[in-house]
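Visitor: task: produce atomic coordinates for the following.
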Amino acid sequence: MSDARRSALHAAFTATGYVVRPHPLVGNRKHVLRVDAMHPALDAALTAHGFTTWAFVTAWNPHAHARPPRTNARLQQRLIALLEARGHPSVSAVGVAEDRRWFEESLFVPGLSREEALRLGRLFDQEAVLWGRVGGTAELVGCREPPLP
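Guide: Take a look at the predicted model:
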């Protein structure tokens with residue numbers, strides 16, 4: 001991947017709104033996560049359920065190349081099944097471009113370690129995942145070598 005494409009992807013991922021849909025695990029309200037931002041309302045909801053970490057992951061559009069909806073849906077179902085088999089709860093989520101020209105169905109996974117999130121991202125050929133710790137900022141974690149800037 002060229003440096004220009006890598007930089008453009010990083011800029012797009014940084015500008016993305018990572019929307020966690022309402023669910024009891026997140027306090028029954030919508031949360032919009034941002035890279036390098038703190039999310040105290042989400043932290044409070046997660047703490048109430050005993051979680052200290054979280055990840056925002058997807059199986060959509062491997063290698064950051066658009067795929068047909070049917071392909072993305074199939075990949076996402078594999079991700080959901082894998083999380084369920086490993087006993088990880090998940091919450092429906094969506095990543096939305098700043099200009100709203102694209103979106104990716106995603107999952108918010110409370111309790112996922114940084115290493116587990118990175119492994120899932122790599123397994124589904126993702127460029128990056130969003131990961132956080134209660135009391136910390138949301139971190140864009142590059143899955144490929146070299147990672148995004």
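
Visitor: going forward, measure contacts between C-alpha atoms and count neighbours the same way
Guide: Noted.

Visitor: next, count neighbours for the nearest residue to W60 once chain neighbours are set aside.
Guide: Closest residue to W60 apart from its sequence neighbours, by Cα to Cα, 6 or more residues apart in numbering: N72 at 4.9 Å. Per other Cα atoms under 10 Å, the neighbour tally for N72 reads 19.

Visitor: I'd say N72 and A64 touch.
Guide: No: using Cα atoms under 8 Å, N72 is not in contact with A64; the gap is 11.9 Å.

Visitor: quick one, longest strand in this protein?
Guide: Identified as the longest strand of the chain according to DSSP state E is strand 103-110.

Visitor: that one - contacts with which helices or strands?
Guide: Other helices and strands packing on strand 103-110, by 3 or more Cα pairs under 8 Å, 6 or more residues apart in numbering; DSSP states H and E, are strand 53-57, strand 91-96.

Visitor: just the residues contacting stretch 69-80, thanks.
Guide: Outside stretch 69-80, the residues within contact range by Cα atoms under 8 Å, 6 or more residues apart in numbering are T58, A59, W60, N61, S90, E105, S106, F124.

Visitor: sorry, back to before: pick the most buried one from the helices and strands packed on strand 103-110.
Guide: The highest mean neighbour count among the helices and strands packed on strand 103-110, using mean count of other Cα atoms under 10 Å, belongs to strand 53-57: a mean of 25.

Visitor: alright, calling it a day.
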